[in-house]
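A.B. asks: coords please:
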Amino acid sequence: MTYLYLLATLLFVFGIKRLTSVKTCAQGNRLSEAGMLLAIVTTLLIYNGSISWWVVIAGLLVGGGIGAIIAKKTPTTQMPEMVAALNGFGGVASALVAMADLLQNTALKGEASLSMMGTVLAIATPATILIGMVTLTGSFVAFFKLGGKKIVHPLKGSARHYAHAALGLAAIGCSVWMVFTGSHVSMAIAVILLALIASALGVLLTLPIGGADMPVVVSLLNSYSGVAGAAAGFVINNPLLIVAGALVGTSGLILTQIMCKAMNRSLGNVLLGGIGDDTVAKDAKDYKSIKATTPEEVAMLLDGATSVVFVPGYGLAVAQAQHTIRELGELLIKRGVTVRYAIHPVAGRMPGHMNVLLAESDVPYDQLFEMDQINGDFKNTDVVIVVGANDVVNPAAREDTGPIAGMPILNVDEARTCVVIKRSLAPGYAGIRNPLFDLPNTLMVFLDAKEALEGMVKEVKELK
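C.D. replies: Numbers count the residues shown, from 1 in each chain. You can find the predicted model right below:
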């Protein structure tokens, strides 16, 4: 059975490796799914004599059925919320495993002190409960924020950090009490208190973080769920769970670092909470030189263009216009135009959001370019069409101060003409004014992304 676990581990490793490329990510998913299926079957074979098959079958039917319904009904626009929720479910599953194992140990061994059960259990059990419950509640705060709910932290400034520190110390205290108490009742109280404190900590750590930083939060919570899974593996002495959890935890942490770099944030600030907020600057809608245009006029611009770059943002996802933008791109290619898509690492509301969206509409992989690959080419681009993006193209990031100061952006303002499709002049998640809209080479199309792109498709088709 150990060899089957090893094979499942290899499938996970190769699956994650394949996920690093847009071209092979589908294969990576299939490999990882095969690894998980093998892991489940192997575990069932190992514990064949001590499990209730009716419970297993019921769990598979209920859980699998719910998962299938969610997967079928969740639109691409709500994918970030679903990812956040799944992170939370992973965290609470690990916490429940630790609690169940604790109950089983105390019942079978008659022992009410974790310290007498070994160092590994004494450390891993409270760690799993703590991290798992933080992941659960933090993920669902992220879920509601991604859904547009305006929920704010009840405390401000240093008071907020003192409250977080106090809860952290209380969680450590409950963990120590749980490990060294000699009473079943005291242990139960300590477990309940630890779960409640960890839940509160997860909520309060995530509340101050603004919508612009949600990609960082989602990847960090994904890492937490992996760490909780690895800790649960130590609790139940399952090597595969340890390895799988460690893979998720480390890959999530690496992704978090990539997201932090893309937003010029420090990992320390992310871990402490309070990366950003949901405030809006007073001058966020103060513009003086806006030049509005129409899809027909944009089509005339495209008629004389030799190179076009599309910059997708969350507005593209909201309008579900990914298929329309692909159609427009194909029409331009047929006219001899070089078409590319510029992808900012934190465009959208979760890591890789735009890649997933464009892959769904069958945009060729070789037309997708990451920020570092394409930023130097904007100055040689005839037309850039920004579709529902804001902060990732905001030149204010080049200033010395401000909410996004120092954040690497797509240099769309360097193109000969920049067309921005946006329903209004409302600010992005950073809540600040975007000087791009006022530049002489910027044209604004104030329409829903799908409506604007459909208009352009219609006009381009009529060009001779």
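
A.B. asks: I figured Leu102 hits Ala124, correct?
C.D. replies: No: Leu102 is beyond contact range of Ala124, at 10.6 Å (criterion: CB atoms under 8 Å). For the C-beta atoms, the positions are set from N, CA and C on the backbone; glycine is no exception.

A.B. asks: Now do the shared contacts for those two.
C.D. replies: In terms of CB atoms under 8 Å, 6 or more residues apart in numbering, Leu102 and Ala124 are not both contacted by any residue.

A.B. asks: got the domain boundaries for the chain?
C.D. replies: 1-73, 78-272, 295-462 (automatic domain parsing).

A.B. asks: mind checking which of those domains is nearest Val280?
C.D. replies: Nearest of the domains of the chain to Val280, taken as CB to CB: domain 295-462 at 4.0 Å.

A.B. asks: least trustworthy helix or strand in the chain by mean pLDDT?
C.D. replies: The weakest-scoring helix or strand in the chain, judged by mean pLDDT, DSSP states H and E, is helix 267-272 (a mean of 62).

A.B. asks: List the buried residues of the helix or strand just after that helix.
C.D. replies: Per DSSP states H and E, the first helix or strand lying C-terminal to helix 267-272 is helix 295-303. Buried residues in helix 295-303, counting neighbours by 16 or more other CB atoms under 10 Å, are found at Pro295, Val298, Ala299, Leu301, Leu302.

A.B. asks: residues touching the fourth one, list them.
C.D. replies: Translated: Leu301. Counting by CB under 8 Å, 6+ apart, Leu301 has contacts Asp382, Val383, Thr417, Val419, Leu443.

A.B. asks: so the last one, which of the three states?
C.D. replies: When you say that, I think you mean Leu443. Under DSSP: H, G, I helix; E, B strand; the rest coil, Leu443 falls in the strand class.

A.B. asks: That one: neighbour count?
C.D. replies: 21 (other CB atoms under 10 Å).

A.B. asks: That one and Ile421 touch, don't they?
C.D. replies: No: applying CB under 8 Å as the test, Leu443 and Ile421 come out as separate, 9.9 Å apart.

A.B. asks: Show me what counts as buried in the longest helix along the chain.
C.D. replies: Ranked by residue count, the top helix of the chain under DSSP state H comes out as helix 79-109. Under the neighbour-count criterion of 16+ other CB under 10 Å, helix 79-109 has 79-88, 90-99, 101-102, 105-106 buried.

A.B. asks: What of stretch 387-404?
C.D. replies: 387-398, 402-404.

A.B. asks: mean confidence score for that stretch?
C.D. replies: Stretch 387-404 carries an average pLDDT of 87.

A.B. asks: so how far is it off the chain centroid?
C.D. replies: Taking CA atoms, centre = their mean, to the nearest Å, one finds the center of stretch 387-404 at 20 Å from the center of the full chain.

A.B. asks: End to end on that stretch, go ahead and measure it.
C.D. replies: 20 Å (CA to CA, to the nearest Å).

A.B. asks: Stretch 386-397 too?
C.D. replies: Stretch 386-397 has an end-to-end distance of 17 Å (criterion: CA to CA).

A.B. asks: Which stretches in the stretch 151-300 of the chain count as helices?
C.D. replies: 157-180, 184-206, 214-236, 239-263, 267-272, 295-303 (DSSP state H, counting those that start in this stretch).

A.B. asks: One more: the stretch 1-150 of the chain?
C.D. replies: Going by DSSP H, counting those that start in this stretch, the stretch 1-150 of the chain shows helices at 2-18, 25-46, 53-73, 79-109, 119-146.

A.B. asks: least reliable of those going by mean pLDDT?
C.D. replies: helix 79-109 (a mean of 85).

A.B. asks: other SSEs contacting it?
C.D. replies: helix 119-146, helix 184-206, helix 214-236, helix 353-360 (3 or more CB pairs under 8 Å, 6 or more residues apart in numbering; DSSP states H and E).

A.B. asks: Next, count neighbours for the residue lying closest to Leu4 once chain neighbours are set aside.
C.D. replies: Once flanking residues are discounted, Leu4 sits nearest to Thr42: 4.3 Å by CB to CB, 6 or more residues apart in numbering. Other residues lying near Thr42 total 18 when counted by other CB under 10 Å.

A.B. asks: now do Leu169
C.D. replies: Neighbour tally, Leu169, other CB under 10 Å: 11.

A.B. asks: now it: how far from Met263?
C.D. replies: Between Leu169 and Met263 the distance is 30 Å, computed by CB to CB, to the nearest Å.

A.B. asks: With Leu221 instead?
C.D. replies: 16 Å.

A.B. asks: The two: which is more packed in?
C.D. replies: Higher neighbour count among Leu221 and Met263: Leu221, with 29 against 25, using other CB under 10 Å.

A.B. asks: Now do the contacts for the closest residue to that one other than its chain neighbours.
C.D. replies: If the residues on either side of it in the chain are set aside, Leu221 comes closest to Asn87, at 4.5 Å by CB to CB, 6+ apart. With contact set as CB under 8 Å, 6+ apart, Asn87 has these partners: Thr135, Ser139, Val218, Leu221, Asn222, Tyr224, Ser225.

A.B. asks: With distance to Ser32 as extra columns, can I get these in a markdown table?
C.D. replies: Listed next are the contacts of Asn87 as a markdown table, based on distance: CB to CB, whole Å:
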| residue | distance to Ser32 |
| --- | --- |
| Thr135 | 20 |
| Ser139 | 20 |
| Val218 | 19 |
| Leu221 | 19 |
| Asn222 | 14 |
| Tyr224 | 19 |
| Ser225 | 15 |
